[in-house]
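> Dropping a prediction and its sequence here:
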Amino acid sequence: MADKQGSLGGHLRENGMLLALVAIVVLFSVLVSMQGKPMFLQAPNITNIFLQNGHVIILALGMLLIIVSGHIDLSVGSVAAFTGAVAAYLTVQLKQPIYVVIPLTLIVGGAIGAAQGYWVAYWRIPSFIVTLAGMLVFRGATLWLLGGQNIGPFPKEFQAMSSGFIPDLTGVMKPHGLTLIIAALAMALVVWIGLRARKRDAEFGITPEPAGLFWGRTLVIAAAMAFVGWQLASFRGLPNVLVVLTILIVLYAFFTENTVQGRRIYAVGGNEKAAKLSGINTERLVFACFVNMGVLAALAGMMVTARLNSATPKAGTGFELDAIAAVFIGGASMTGGSGKIIGVVIGALIMGVMNMGMSILGVGIDYQQMIKGLVLLAAVIFDVYNKNK
């Protein structure tokens, strides 16, 4: 009986952020309707959540690996701003095509990540100090490259990275047929992955979560996907940003949960000395995590620059705080060694839904910052409480 309760409690903790996201959405839906405003979860609002928070999810994916390995990266906002400026300079000033700009910008981001990861991994300089220095260096580099001025506008091909939508190849047009097909396939995939995971746990002798909890969570996710899919199909279809996010989420979830290198990163964060004694090249893994973070920061920087249709000196301000908050709200441990990709995505969506909900309700930016800070503090307290327990 005790084992069953422990198992249930553990799975409830894993699903706590999903329940919190549902509760926050319901709360804002009720509050918005009480003010007589249009429905909170209407198609334009759902689309804007992904368009305005896509960069947070991208940065949070990389930040999770950094935090899981036992480090932190405070420079991602400045790196995103600098790489966005690089992309703008290549596109507007040098007239380079998008198929040249994107890979070059990603290479620049990877090089920045390598430079910072080298000092952290091989010289053992604390990541807090290295990335704090990087935050200042690349903020200054952004101002230098832009000359204190905005660069823009961009060609439609570049803007499509952030503001474009996939075409409807089915010819249905309204609702967007391809979006409905993709949503249905995604729902089936979620159910299949869940059943496969339960079967794999049974094969390895791991006690699966209670069937009621599994099917309850799966049905909630499937219903949410069906609703979002229908709303998007009734509007303009799937945004390009959402397609990119889906690909990245699937790849990073597979890497962290189903590959040897992914599991080794968790081992490094859990106990670096033990991991090194077991033959893991801890320096190389930490170095790779920072290179990966640099590449994702460059991708996020290009997306933000494309959405704003301008590279600005103040771009990226606070991005590192949003990414770190999304990781911790999503259930990652601040001591490293634990955290899941799906939790990070939910954490970022919680931040996005809160931002949009409070803006629609007319909550001032001062109160918004205070509320988000309290939510982050509550998530960390919850993590510490579980560890002490």
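Structure received.

> where in this structure is pLDDT low?
Low-confidence segments of the chain (pLDDT under 70): 1-15, 171-173, 383, 386-389.

> Could you check how far the most centrally placed residue in it is from Gly362?
Centroid-nearest residue in the chain: Ile57, 1.9 Å away (criterion: Cα atoms, centre = their mean). Separation of Ile57 from Gly362 (Cβ to Cβ, to the nearest Å) stands at 26 Å. C-beta here means a position set from N, CA and C on the backbone, and glycine is covered the same way.

> before we move on, what about Tyr266?
Tyr266 is 43 Å from Gly362, by Cβ to Cβ.

> Give me the more crowded residue out of these two.
More crowded of Tyr266 and Gly362, by other Cβ atoms under 10 Å: Tyr266, with 18 against 8.

> That one falls within a strand, correct?
No - counting by DSSP: H, G, I helix; E, B strand; the rest coil, Tyr266 is not part of a strand but helix.

> isn't it right up against Gly337?
Yes - contact criterion Cβ atoms under 8 Å: Tyr266 and Gly337 qualify, at 5.7 Å.

> overlap in contacts of these two?
Val68 (Cβ atoms under 8 Å, 6 or more residues apart in numbering).

> what residues are up against Lys86?
For the record, residue 86 is Val, not Lys. The contact partners of Val86, by Cβ under 8 Å, 6+ apart, come to Leu104, Thr105, Val108, Leu145.

> Show me which of those residues is closest to Ala348.
Among these, Thr105 lies closest to Ala348 (Cβ to Cβ), at 22.3 Å.

> Identify the residue nearest that closest one in space, chain neighbours excluded?
Sequence neighbours aside, Ala87 is the residue nearest to Thr105 in space, at 4.5 Å (criterion: Cβ to Cβ, 6 or more residues apart in numbering).

> If we ignore the residues flanking it in sequence, what's nearest Val291?
Nearest residue to Val291 in three dimensions, chain neighbours excluded: Gly113, at 4.3 Å (Cβ to Cβ, 6+ apart).

> should've said Gln35
Nearest non-adjacent residue to Gln35, counting by Cβ to Cβ, 6+ apart: Leu361, 6.9 Å away.

> Can you give me the distance of the one you found to Ile265?
In this view, Leu361 and Ile265 are 40 Å apart by Cβ to Cβ.

> So which of those two has more stuff around it?
Between Leu361 and Ile265, Ile265 has the larger neighbour count (other Cβ under 10 Å), namely 27 against 14.

> hang on, the earlier thing: isn't the residue nearest to the centre of the chain right next to Ala348, touching?
Yes - Ile57 is within contact range of Ala348, at 4.5 Å (criterion: Cβ under 8 Å).

> okay, and the common contacts of these two?
Counting by Cβ under 8 Å, 6+ apart, the residues touching both Ile57 and Ala348 are Ala326.

> Now do the contacts for the closest residue to Phe319 other than its chain neighbours.
Distance criterion Cβ to Cβ, 6+ apart; nearest residue to Phe319, sequence neighbours excluded, is Gly77 at 3.5 Å. Contact analysis of Gly77 by Cβ under 8 Å, 6+ apart lists Met135, Gly316, Thr317, Gly318, Phe319, Glu320, Leu321.
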